[in-house]
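In: model this:
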Amino acid sequence: MESINEILDTLASYLWGFPESFPLMLIILIGTGVFITFRLGWIQLRQVKHAIDITRGKYDDPEHEGDISHFQALSTALSATIGIGNIAGVATAIHYGGPGALFWMWLTGILGTSLKYAECTLAMKYRKINPDGSASGGPMYYIEKALGWKWLAIVFAGAAALCALATGNAVQANTVADQLRSDFGVDVHITGIVIAVLVGAVILGGIKRIGRVTSILAPLMTVLYVLGALTIIILNIDKVPGAFATIVKSAFTPAGATAGFAGATFMHCLVWGIKRGLFSNEAGQGSAPIAHAAAKTDEPVREGTVAMMGPYIDTITICTLTGLVIVITGAWNAVDAAGNGLFLNGSPMTSYAFAKGLTFMNGNGGYLVTAAVLLFATSTIISWSYYGDRSIQYLFGDKVVFPYRILFCIMIFWGATSRLEVAWALGDIGLGLMALPNLIALVALSGVVVKLTNEYYSREHKPLH
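Out: Take a look at the predicted model:
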């Protein structure tokens with residue numbers, strides 16, 4: 001097991017350029033975000049109201065081609081992004097990079113809104129309507145159709161299928177199993193079997209069933225978690241300014257390693273913040289376009305506008321709430337009664353923060369995190385199953401989709417019973433292998449996005465330039 005973990009860590013290091021080498025992948029991600037943001041004239045700030053109008057169904061037309069509504073498409077995409085990244089991902093970033101890592105997660109989120117807009121607009125423009133009337137779309141389709149780079153499309157689809165098994169599946173199952181074992185002593189094998197059966201019952205029904213389930217789970221789990229975090233923040237409102245000051249200050253001048261804080265350098269802080277920010281909102285990764293391509297609409301820009309709301313909800317809002325709770329309660333550098341560091345990481349750190357922050361619950365506040373982890377992870381796994389089978393369909397056709405879904409369920413069990421480090425390393429590898437081809441395509445097709453945007457907003461609003 002140690003050798004496997006070392007191999008995975010090495011591969012992840014090459015992709016993310018950390019810790020010894022230059023963080024090339026992060027520079028490409030941020031650089032692309034900056035480029036697209038300025039090329040589109042900060043559309044993520046100017047069209048928020050229009051995005052809300054579309055999401056609430058103002059422009060829905062059941063006669064349009066596609067499988068699900070704008071709201072269901074956003075819910076499916078959010079179900080894949082609002083998950084472990086918002087609970088365990090934030091805690092992991094702070095554990096290794098300190099409170100300042102949250103600042104770099106914010107940066108990733110803001111730039112990610114324009115990336116989400118661009119990739120989902122392209123996915124809708126170049127999607128494929130199958131003979132049965134269902135829709136298939138995503139970066140593999142716009143890479144092949146718009147650029148003619150079939151080989152790169154294959155690379156993306158292969159990486160997406162891997163990432164679905166790792167980031168969208170094994171990591172989620174691993175965190176649920178870890179949380180239930182920590183709180184209730186539930187055997188990880190039992191957790192793996194139960195989740196695999198529950199998810200299997202949903203994903204075998206296809207995207208329409210997935211859309212129905214996630215349109216219920218996504219709002220429910222978000223409200224539950226947000227209310228708990230807001231309660232802690234309100235109860236400790238006097239500490240909020242200091243928490244923000246700590247986050248911003250340590251983003252540029254990280255403190256030395258103390259207690260639960262493993263990172264001690266600016267690069268640790270930067271890398272872990274951006275890496276976990278990407279894991280949280282998946283902007284630029286190319287996963288969300290697969291869900292948004294199934295929306296019922298004939299306007300590519302309209303669905304892209306809906307999609308850009310994702311990072312505002314998951315990274316800017318929910319990750320911020322998690323980070324503030326962790327900093328306010330001191331969970332990031334918690335010590336025991338003897339003054340020894342607890343070295344908390346992942347969801348146990350967030351659970352500790354909620355237990356400490358919700359004092360009126362007599363130490364049971366952490367169970368709110370347990371419930372959120374279970375809902376978040378389950379909905380994320382369900383959504384990522386769709387990403388994986390659309391990628392497999394692109395590579396090998398419909399005949400391989402069902403066997404892939406079976407493999408997907410088996411990987412739930414593997415993830416639940418594997419070590420945290422192995423699952424996260426595998427997820428980071430899949431994350432990088434997906435993002436790179438997609439970011440290349442976004443830069444190459446940015447002119448197409450600008451043209452589509454101007455054409456649409458010349459009818460709805462004013463054009464960009």
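In: and D238, how many neighbours?
Out: Using other Cβ atoms under 10 Å, D238 has 8 neighbouring residues. (Glycine included, C-beta is placed from N, CA and C.)
In: Quick check: it vs F103, distance?
Out: Here D238 is placed at a distance of 22 Å from F103 (Cβ to Cβ, to the nearest Å).
In: next one: D9
Out: Taking Cβ to Cβ, one finds D9 at 26 Å from F103.
In: Looking at these two, which has the bigger crowd around it?
Out: The neighbour count for D9 versus F103, taken as other Cβ under 10 Å, is higher for F103 (22 against 16).
In: ok, the residue nearest to that one when sequence neighbours are not counted - how many residues close by?
Out: In space, F103 comes closest to A251 once its chain neighbours are excluded; the distance is 3.5 Å by Cβ to Cβ, 6 or more residues apart in numbering. Neighbour count for A251, taken as other Cβ under 10 Å: 23.
In: list the contacts for A251?
Out: 100-104, 269, 273 (Cβ atoms under 8 Å, 6 or more residues apart in numbering).
In: among these, which are in helices?
Out: Mapping the contacts of A251 onto helices (DSSP state H) picks out 101-104, 269, 273.
In: And the residues you listed, which is closest to I27?
Out: Distance to I27, by Cβ to Cβ, is smallest for W104 among the ones in helices among the contacts of A251, at 12.9 Å.
In: got a list of what that closest one touches?
Out: W104 is in contact with 97, 251, 269-270, 272-274, 277, counting by Cβ under 8 Å, 6+ apart.
In: top of the residues you listed by neighbour count?
Out: In terms of neighbours by other Cβ under 10 Å, the contacts of W104 top out with G277 at 34 neighbours.
In: the helices in the stretch 351-465 of the chain, which residues?
Out: For the stretch 351-465 of the chain, the helices defined by DSSP state H, counting those that start in this stretch occupy 366-396, 401-417, 420-444, 446-460.
In: repeat for the stretch 101-250 of the chain
Out: Going by DSSP H, counting those that start in this stretch, the stretch 101-250 of the chain shows helices at 101-125, 139-142, 150-165, 171-184, 188-203, 206-235, 240-252.
In: Would you single out the least confident of the ones you listed?
Out: If you rank those by mean pLDDT, helix 206-235 sits at the bottom with a mean of 76.
In: check contacts around the nearest residue to G158 once chain neighbours are set aside.
Out: Nearest residue to G158, sequence neighbours excluded (Cβ to Cβ, 6+ apart): L395, at 6.6 Å. L395 makes contact with 154, 157-158, 161, according to Cβ under 8 Å, 6+ apart.
In: Tabulate those (a markdown table), appending distance to L45 and neighbour count.
Out: Formatted as a markdown table, these follow (distance: Cβ to Cβ, whole Å; neighbours: other Cβ atoms under 10 Å):
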| residue | distance to L45 | neighbour count |
| --- | --- | --- |
| I154 | 36 | 16 |
| A157 | 33 | 28 |
| G158 | 35 | 19 |
| A161 | 35 | 26 |
